[in-house]
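Asks: show me how the following folds:
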Amino acid sequence: MAFNEKDYQKISTDRTFIIDCYTEMLSRINEKELVDLINNTEEGKKFEENELSSEKIIQSLSIYFQLMTLVEENGATQYRRRLEELRRVLTQLDVTKTLKSLNTCRITIDGERGRHVGGSLIERRRRSRLKRIRM
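Replies: Numbering: from 1, shown residues only. Prediction:
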């Protein structure tokens with residue numbers, strides 16, 4: 001199962017949403033310079049020492065990259081879950097097909113012919129004990 005356009009669109013949408021929330025939070029605390037840095041709205045702009053401290057730049061970019069990692073991990077987790085669900089469905093279909101095939105041939109799970117497939121292990125043990133008691 002390969003990534004399709006929908007998968008990439010979901011990651012892109014999540015990324016945009018998270019970054020919008022982050023820049024909105026920065027705006028609310030009056031960090032417009034950091035918003036410009038995160039959005040990269042002023043390419044090539046050099047930040048003066050007195051305008052933004054190195055510590056603020058490093059901290060805001062660190063948070064940015066942590067958020068991007070969360071978006072990436074979320075996308076990978078959703079993809080893995082879809083793969084697992086697909087495998088589960090295919091396995092169930094395969095088991096169902098096999099049981100129908102055995103049922104058509106009148107073969108039990110134990111390999112005996114002539115009896116219908118079915119019954120749990122507990123049910124088979126119960127029948128076996130009843131046979132022994134009757135003997």
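
Asks: Leu34: how many residues sit nearby?
Replies: Residues contacting Leu34 under the criterion other CB atoms under 10 Å number 23. For the C-beta atoms, the positions are set from N, CA and C on the backbone; glycine is no exception.

Asks: scan this structure for its longest helix.
Replies: Using DSSP state H, we find that the single longest helix of the chain is helix 54-104.

Asks: give me the neighbour count for Arg129.
Replies: By other CB under 10 Å, 10 other residues sit near Arg129.

Asks: with Arg82 instead?
Replies: Applying other CB under 10 Å, we find 12 residues neighbouring Arg82.

Asks: what do you get for Leu26?
Replies: Per other CB under 10 Å, the neighbour tally for Leu26 reads 20.

Asks: isn't it up against Ser60?
Replies: Yes: in this structure, Leu26 is within contact of Ser60 by CB atoms under 8 Å, at 7.2 Å.

Asks: need the overlap of contacts for the two.
Replies: 34, 38 (CB atoms under 8 Å, 6 or more residues apart in numbering).

Asks: tell me the helix or strand right after the strand or helix carrying Asp14.
Replies: Here Asp14, judged by DSSP states H and E, is contained in helix 5-28. Note on helix 5-28: by DSSP H and E, the next helix or strand toward the C-terminus is helix 32-39.

Asks: quick one: list the elements packing against that next one.
Replies: With contacts defined as 3 or more CB pairs under 8 Å, 6 or more residues apart in numbering; DSSP states H and E, helix 32-39 has these neighbours: helix 5-28, helix 54-104.

Asks: what comes up buried for it?
Replies: 33-38 (16 or more other CB atoms under 10 Å).

Asks: tilt between that helix and helix 5-28?
Replies: Going by axes from the mean of the first three to the mean of the last three CA atoms, to 10 degrees, helix 32-39 is angled at 170 degrees with respect to helix 5-28.

Asks: now do helix 32-39 against helix 54-104, angle only.
Replies: Going by the same axes, to 10 degrees, helix 32-39 makes 40 degrees with helix 54-104.
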